[in-house]
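Chemist: my questions are about this predicted structure, shown below with the sequence.
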Amino acid sequence: MASSRLRMRKGRSRRLERNGDGEKVMPTIKANNYEMYYEVDDFTDPWKPSETLWIQHGFGRSGRFWYHWVPPLAGKYRVLRRDMRGHGQSADPGADYVWSVDDLLNDMKGFLDALGIDKVHYVGESVGGILGIAFATRWPERFKSMTLVSTPPAIHPHIQQLFAVGHKDWYTALGTLGPDGWVKALMTQGGGIGLASLSPQMEWIIKEWGKTRTHVLQGLCRLVPSVNITPILSQVKVPTLVLAPAHSPLTPLTEQVMIRDSIPNSRIAVIEGHGHEIYLSNPEGCISALLSFLQSLR
């Protein structure tokens, strides 16, 4: 797959480019020896300077899950969505790849470097938020702000058991059911992700989950339980907003308040919605809180 470099042109949505032969190619870029897919939507006024807002999805998802955030944001910010390693349309690292936090963070830094972007407003969901916190402690100069969406400080053992959906463990459940079958079982069994009530969207959501290869999620699920960002929360020095789901057993409000209290000068907005997936079930509430936060920084 050919790679293409970000061109900072305004008033357009970037999904397909053409190579020198006039053939359509997908917008990918190589960084950290890895090929990543991304999309940019920028409808800011072309005569004004604009800031970049990076939306990073979490476990098993892709940038496509955030399509409905683009219209209300892209007139104010250059909106950047990147598919995480192995997810969506980014390259498959292979079944033998050993996942590491360092690789995922270096993917992020290399991505910004390759696109020539110095600073962004970062929005990270769930695992994307965990990575954002770790990134902010290593390279705080690259974030103008950070917004954490339904971000747990860790995937605790009782959550891992919930993710097993009746199987031996989380890894086995993914291998037996596949990503789409696994998320459907999690919905059906009331696993806290709160999507079952969004019936018109459910079929599309399950189909999108099924696009990520099983071994990718199995590899990542082996890494995630070893990560706990609680000890480094106090080291975060960038302006931070916590978008906290009001009713999520995966990220209970008490834990979200703990994150807010641990990150110096951070803020919290409690979002009503269906369980964990507030960015899908209540995008209006999330976006309103995000824009209010960003406006306050100016």
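Modeler: Perfect, I can see it now.

Chemist: which SS state does Leu241 fall under?
Modeler: Of the three states, Leu241 takes strand under DSSP: H, G, I helix; E, B strand; the rest coil.

Chemist: show me where the stretch 101-250 of the chain has strands.
Modeler: Counting by DSSP state E, counting those that start in this stretch, one finds strands in the stretch 101-250 of the chain at the ranges 120-125, 143-149, 240-245.

Chemist: closest to Lys211 out of those?
Modeler: Closest approach to Lys211 among these is made by strand 120-125 (17.3 Å; Cβ to Cβ). Every C-beta, even on glycine, is put in place using the N, C-alpha and C of the backbone.

Chemist: the inter-axis angle of the closest one versus strand 240-245?
Modeler: Angle, strand 120-125 to strand 240-245, by axes from the mean of the first three to the mean of the last three Cα atoms, to 10 degrees: 20 degrees.

Chemist: just checking: what are the partner strands of strand 120-125?
Modeler: strand 52-56 (parallel), strand 143-149 (parallel) (DSSP bridges).

Chemist: could you point out which element follows the shortest one?
Modeler: If I follow you right, that is strand 52-56. Proceeding C-terminally, strand 52-56 gives way to helix 70-73 as the next helix or strand, assigned by DSSP states H and E.

Chemist: mean confidence for that following helix?
Modeler: The average of the pLDDT scores along helix 70-73 is 97.

Chemist: stretch 291-298 too?
Modeler: 96.

Chemist: cool, stretch 90-109 as well?
Modeler: The average pLDDT for stretch 90-109 rounds to 97.

Chemist: ditto for stretch 115-127
Modeler: Rounded mean pLDDT across stretch 115-127 is 97.

Chemist: ok so, going back, between the strands of the stretch 101-250 of the chain, which one is nearest to Phe43?
Modeler: Nearest of the strands of the stretch 101-250 of the chain (Cβ to Cβ): strand 120-125, 16.4 Å.

Chemist: can you give me the neighbour number for Thr151?
Modeler: 26 (other Cβ atoms under 10 Å).

Chemist: can you check the pLDDT for it?
Modeler: Turning to Thr151, the model gives it a pLDDT of 97.

Chemist: what sits against it?
Modeler: Applying Cβ atoms under 8 Å, 6 or more residues apart in numbering to Thr151 gives the contacts 124-126, 128-130, 132-133, 242, 251, 259.

Chemist: just those residues now: which is nearest Phe163?
Modeler: Among these, and counting by Cβ to Cβ, the member closest to Phe163 is Ser126, at 12.3 Å.

Chemist: if I look at that closest one, how far off is Leu148?
Modeler: 9 Å (Cβ to Cβ, to the nearest Å).

Chemist: swap in His68?
Modeler: Distance, His68 to Leu148, by Cβ to Cβ: 19 Å.

Chemist: what about these two, which has more around it?
Modeler: Neighbours were counted for His68 and for Leu148 using other Cβ under 10 Å; Leu148 has more, 29 against 12.

Chemist: the residue nearest to the more buried one when sequence neighbours are not counted and Ala136: what is the separation?
Modeler: Distance criterion Cβ to Cβ, 6 or more residues apart in numbering; nearest residue to Leu148, sequence neighbours excluded, is Gly129 at 4.0 Å. Distance of Gly129 to Ala136, given as Cβ to Cβ: 10 Å.

Chemist: could you export the strands of the stretch 101-250 of the chain as CSV, including distance to Pro264?
Modeler: Conversion of these to CSV gives the following (distance: least, Cβ to Cβ, whole Å):
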stretch, distance to Pro264
strand 120-125, 17
strand 143-149, 12
strand 240-245, 9
